[in-house]
Each structure stands twice: as C-alpha cells, then as structure tokens.
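K.L.:
pasting the structure only:
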DNA sequence: CGCCGAGTTGAACTGAATCAAGAAACGTGG
DNA sequence: CCACGTTTCTTGATTCAGTTCAACTCGGCG
C-alpha cells in the first residue's frame, strides 16, 4: 500500500499535491536494528513505514533505555521534538525488523508547504493523530496498575505483543520486564 | 498582553492575518470554577488565557477525577481531542481562578484557515508546542518515582504549586495527594 | 556442543496506595 | 468580625503491588 492511499483514508488530498509528495519521497530498505536517528541530532527526515516496525526511545537520567513509541505499517515517524522545530532531539529511532520506509527531507517538505497549503493542513492533521495517541497513552498509563497497562496493549496494540520483545514493551508500559512476564503468565 | 503579541514571540504573523484573528475573537471573563467544556460534547471553542488558570481533566474508569493539564497566562486551550476533529471529547475544562479568556469558534477559525494559509501553519506550530509538552510530561512521569515527579513540577511549572490545590497537582503527577504532601514535607 | 539473548521464576525489600483521623485554611452568613 | 461548616492539607498505621537482584530455562545458531 502506497502512502498516498493511506493519506486518502483520512484526508482528501488533490492529485497535484499527491504528485508533489510522491516526487519528493523515496523508498528505501533498512535491515533490522538500523539506527535511523540519534539523540542530539536535528532530525532531517520524515519516514512513512511501508513495511516493518520501528521503535522510538530515549535514555533517561538513570541511563535506562525507555521506549516511548512504536510505529508499524502505515504510520508516519520522525523525531517530533526536532523535525519541525529544527532543534536537537532527545530521542533515538531504530528499526526492530527489516523495514521498507518512504522518506522525505525537511527541506522538500517545507517547499511543498509553500506551494500547496493543503499539505500544510495535512501535516496538521497528522500531528493531531500523533497528539491524540499520546493523550490516549498517557491516560492509559497514568495512575493505572501494571495489569491495566497490559490490557491497554492487548486492546489497542495487540500486534506489538507478537512482534516486539518483552523488554521493549515493558519499558513502553512503564513497568519492568519481570512484572510484565508475571502478568502475562497469570492470564494465559 | 494581547494574544497577537504572544503569537509574535514565536511566529511571524502578517498584519492582515493578525487583524483577521483579532476580529474573530472576543474577550470574556469567567468566575472561578466555571465549566468551559464538558465530556461528551464536541468542543467548539479555542481559548487563549489572558489571565487566570484553567484545568483540563477527565474521569477515569474507576471514577477518579484526573488532571491532565493546566493552562495559565499565554496558553491556548481547547479539547484537543475534539476541537479539530469535530468529535465528542473525553475531557472537561474548568477555570480554577477568575479568568479573562479570548475565545474563537471553530467555524471562524476554519474560515480563517481558508483565507490565510499562514494561520493554518500557525495552528500547526501551536499543536507542536502542545505535543512537545505532552512528550516532556510523559518522560517526566513514566518510570519515575514520586519524588522525581515532584521535582518536575518544581523545575518546569513552579507557579502551579502556588496557584493550584495539592489534590489537582497530585493527580497531574499520577500520585496520591497524601504522598505529595509527605514529599513536600520532607524537603522544606 | 556450548554460547547467547530472551524470557521466566523466586525471595526479599520498598515505595506508594489505602484507610482513617485530625489540623489548618477558607469563605459565608449572621 | 466572629462562628461555623466546608474544603484542603497533614500525619499515622497498615497493606500490597511492583522493583530489584539473582538464578535458572529455553530455543536458536554458529
């Protein structure tokens, strides 16, 4: 599935603008455990996951590797704290499987913004989707106990359980791997 | 301070677009504990806090009232899960002090989008600010213990401690009021 | 065959929730 | 301006979920 088809499921983009986006993007393959973006860098690329899954994480004050987000097929990914605002990021992005990703540079997207106001609007819509998922994750984790957090994954992102290692999921949920393992054992 | 002045601190808006926004917005006063928006409604208004402080919260599955966000002077507020996407919200918004708020309806903003692409872009920039604060809050809370969460408030939002009741801050931090009270007692 | 990463299991410890009771602050009306 | 009720905050005792640390299992792979 091409990313234009995906966009059209939620945003009525014109053929001209679609053409523009396609001409500015290119498809590339990455083997698993490729580092797409590194903390401290200004992120210059917006990716769209055609196939595979990537992980978005940071290293906290205590040196722990904490997963903030996963993006699998039909998701846009970039260092959202960096890409649009052109400043160094605190996140890393890595592939967890072999991936096929469309990519687009900031410069190209910027010039598309100027020529097609609807692309500007599209980017707002995508940001809203991201924001909304963040809010949903927040309320699923804040103040909830481990078993409820696990249920969140089961209900909202069941595919992750099959594709991602337990340790990454545990840090995504804000619990330890051991606790997640025990919870999963209880209900099986 | 007018909201146009605030916008101009981070976005170079033209006089024409500024004029448009001013003409579409109006200033109103609300006494403390006014309910600006209710769960289940589609939020029709974007507010800008000229004076005062508002709280953004939801009721979770167990019936607990959980504060997700505070907005004080020079912040934009709306039900971000509802306003742009025109669907029912799961959040409430209420004033915590007597407030002066600029407001703008969705319809007016929508028509401004069409006439001024830069307003479209401005809204994207504002969304990014919101998203980034959410990300920062996430990483400040996820996996951190109560005393570290408290430090987050002290460092990033010290004014809140003076203006907002302890119970609201505790739920914002994802801990109980009793725990917050004890932490605060330890260091003072 | 033996190593290695990923997952499981166990035991001890601990931070925070819960429940319950008081103290302090606030504001409303007499 | 005081008195009362309400809300907000503090303090204490108990309980429990989840972390930590450590050992062990399992399956794949060189």
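P.N.:
Received the coordinates, thanks. Worth saying up front: this structure is predicted, and the values here are computed from it rather than measured.
K.L.:
and the average pLDDT for stretch A:40-49 is what?
P.N.:
Stretch A:40-49 carries an average pLDDT of 97.
K.L.:
what about stretch A:48-62, near chain B?
P.N.:
Yes: counting by Cβ under 8 Å from any Cβ of the partner chain, chain B has neighbours in stretch A:48-62: A:58, A:60. C-beta coordinates here come from the backbone N, C-alpha and C atoms, glycine included.
K.L.:
so does that stretch get close to DNA strand C?
P.N.:
No: Stretch A:48-62 is not in contact with DNA strand C by Cβ under 7 Å from any atom of the strand; minimum separation 12.0 Å.
K.L.:
give the buried residues for that stretch.
P.N.:
A:48, A:49, A:50, A:52, A:53, A:54, A:55, A:56, A:57, A:58, A:60 (16 or more other Cβ atoms under 10 Å in any protein chain shown).
K.L.:
which members of these are the farthest-apart pair?
P.N.:
Spanning the widest gap among the buried residues of stretch A:48-62 are A:50 and A:60, at 31.0 Å by Cβ to Cβ.
K.L.:
ok, now which ones touch the residue lying closest to residue A:68 once chain neighbours are set aside?
P.N.:
Leaving aside its chain neighbours, residue A:68 sits nearest to residue A:56 (5.1 Å; criterion: Cβ to Cβ, 6 or more residues apart in numbering or on different chains). By Cβ atoms under 8 Å, 6 or more residues apart in numbering or on different chains, residue A:56 lies in contact with A:67, A:68, A:69, A:70, A:71, A:77, A:79, A:91, A:92, A:93.
K.L.:
okay, these in JSON lines with neighbour count, distance to DNA strand D and secondary structure next?
P.N.:
Shown next, in JSON lines, are these (neighbours: other Cβ atoms under 10 Å in any protein chain shown; distance: Cβ to the nearest atom of the strand, whole Å; DSSP: H, G, I helix; E, B strand; the rest coil):
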{"residue": "A:67", "neighbour count": "21", "distance to DNA strand D": "14", "secondary structure": "strand"}
{"residue": "A:68", "neighbour count": "19", "distance to DNA strand D": "16", "secondary structure": "strand"}
{"residue": "A:69", "neighbour count": "20", "distance to DNA strand D": "19", "secondary structure": "strand"}
{"residue": "A:70", "neighbour count": "22", "distance to DNA strand D": "19", "secondary structure": "strand"}
{"residue": "A:71", "neighbour count": "22", "distance to DNA strand D": "24", "secondary structure": "strand"}
{"residue": "A:77", "neighbour count": "25", "distance to DNA strand D": "27", "secondary structure": "strand"}
{"residue": "A:79", "neighbour count": "26", "distance to DNA strand D": "26", "secondary structure": "coil"}
{"residue": "A:91", "neighbour count": "23", "distance to DNA strand D": "22", "secondary structure": "coil"}
{"residue": "A:92", "neighbour count": "21", "distance to DNA strand D": "21", "secondary structure": "strand"}
{"residue": "A:93", "neighbour count": "23", "distance to DNA strand D": "25", "secondary structure": "strand"}
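K.L.:
hmm, back to that, so which of the buried residues of stretch A:48-62 belong to strands?
P.N.:
Among these, DSSP state E puts A:48, A:49, A:50, A:54, A:55, A:56, A:57, A:58 in strands.
K.L.:
out of these, who's nearest DNA strand C?
P.N.:
Using Cβ to the nearest atom of the strand, residue A:55 comes nearest to DNA strand C of these, at 12.0 Å.
K.L.:
what's across from the closest one in the sheet?
P.N.:
With DSSP bridges as the criterion, residue A:55 is bridged to residue A:70, residue A:94.
K.L.:
got the contact list for it?
P.N.:
A:67, A:69, A:70, A:93, A:94, A:95, A:96, A:164, A:168.
K.L.:
likewise residue A:163?
P.N.:
A:53, A:72, A:96, A:97.
K.L.:
thought the last one was touching residue A:49?
P.N.:
No: using Cβ atoms under 8 Å, residue A:97 makes no contact with residue A:49, being 10.1 Å away.
K.L.:
scan chain A for its longest helix.
P.N.:
helix A:117-141 (DSSP state H).
K.L.:
what mean pLDDT does stretch A:84-104 have?
P.N.:
Mean predicted confidence for stretch A:84-104 is 95.
K.L.:
swap in stretch A:178-188?
P.N.:
Averaged across stretch A:178-188, the pLDDT comes to 84.
K.L.:
what's in contact with it?
P.N.:
A:146, A:147, A:150, A:166, A:169, A:170, A:173.
K.L.:
DNA strand C contacts on chain A?
P.N.:
Residues of chain A lying near DNA strand C (Cβ under 7 Å from any atom of the strand): A:165, A:166, A:167, A:177, A:178, A:180, A:181, A:182, A:184, A:185.
K.L.:
which ones among these lie within strands?
P.N.:
Per DSSP E, these never map to strands.
K.L.:
buried subset of the residues you listed?
P.N.:
residue A:180.
K.L.:
which ones among the residues of chain A next to DNA strand C lie within helices?
P.N.:
A:166, A:167, A:177, A:178, A:180, A:181, A:182, A:184, A:185.
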